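Participant: this one's structure only:
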């Protein structure tokens, strides 16, 4: 395999790594600073983030997931992932090099198990993806009430990127992905009663607006910090707009961490 093919293979693997808070691939966000492949299969990847104070647990999760994705490639001999310009870069890079794991890297500072953190953001990503998909249904069926979404099944969704993204988010949570499965469910796969649907949708919209707003903000921060990163960012897909215009009046919840 040529060096160019190996680099393409490495970047494809990195495209499966998502920022847990922004729910986008790190390749699309421009977080991959460089990929260096040697003729004997050694691989060094450098990552960058929008600020030096991005949440350390998010930073570690992305760097660790990157190393796992690259190590799984059949041709790699030695994989090094380095996080640049972060206040915990040295700590994270040492932990990755030693395969120390999250708790082994941060010790007593690791307040929450990494898988628990990952699950929290997978649930948020599912709520946002569900709202996007159902917004398309409402836009294509303007006479449909929100309460009637109780009966919408996965097989009823339009063939669109938002629908496919929802299936991926459901699979990540272990939820059903069959055409006969209902769309509007909680993180455990339980249907909401019709009377609760308007409130549940408003909450899902708030989650989605928060994710989208944070993603837009972090992309801009990265371009400000690293002007050359603009060329590495992929355009975001246009978001569906609710037919009532209600989305225009939502305010994103406050953001605790920037990742």
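Facilitator: That came through, no problem. Bear in mind the structure is a predicted one, so any value in this text is a computation, not a measurement. Numbers count the residues shown, from 1 in each chain.

Participant: alpha carbons only for contacts and neighbour counts from here, please
Facilitator: OK.

Participant: Can you tell me, leaving aside adjacent residues, what's nearest to residue 189?
Facilitator: residue 175 (5.9 Å; Cα to Cα, 6 or more residues apart in numbering).

Participant: tell me the contacts of the one you found?
Facilitator: By Cα atoms under 8 Å, 6 or more residues apart in numbering, residue 175 lies in contact with 187-189.

Participant: pretty sure it is in a helix, no?
Facilitator: No - counting by DSSP: H, G, I helix; E, B strand; the rest coil, residue 175 is not part of a helix but coil.

Participant: and the gap between it and residue 79?
Facilitator: According to Cα to Cα, to the nearest Å, residue 175 stands 33 Å off from residue 79.

Participant: List the buried residues in the helix or strand where residue 4 lies.
Facilitator: For residue 4, the host element (DSSP states H and E) is helix 3-14. Across helix 3-14, burial judged by 16 or more other Cα atoms under 10 Å covers 6-7, 10-11, 13-14.

Participant: What of stretch 95-111?
Facilitator: 95-96, 101-102, 105-106.

Participant: now do stretch 73-93
Facilitator: For stretch 73-93, burial by neighbour count (16+ other Cα under 10 Å) applies to 75-76, 79-84, 86, 88-89, 92-93.

Participant: quick one: contacts of it?
Facilitator: Stretch 73-93 is contacted from outside by 10, 13, 40-49, 51-54, 56, 60, 63, 66-67, 70-71, 96-97, 105-106, using Cα under 8 Å, 6+ apart.

Participant: May I have the distance across it, first residue to last?
Facilitator: End-to-end distance of stretch 73-93 (Cα to Cα): 21 Å.

Participant: Okay, and the beta partners of residue 44?
Facilitator: Beta-bridge pairing of residue 44, defined through DSSP bridges, involves residue 36, residue 80.

Participant: That one and residue 71, how far apart?
Facilitator: For residue 44, the distance to residue 71 - Cα to Cα - is 11 Å.

Participant: Quick one: find the helix or strand in this protein with the lowest mean pLDDT.
Facilitator: For the chain, scoring each helix and strand by mean pLDDT, DSSP states H and E identifies helix 101-106 as the least confident one, at a mean of 89.
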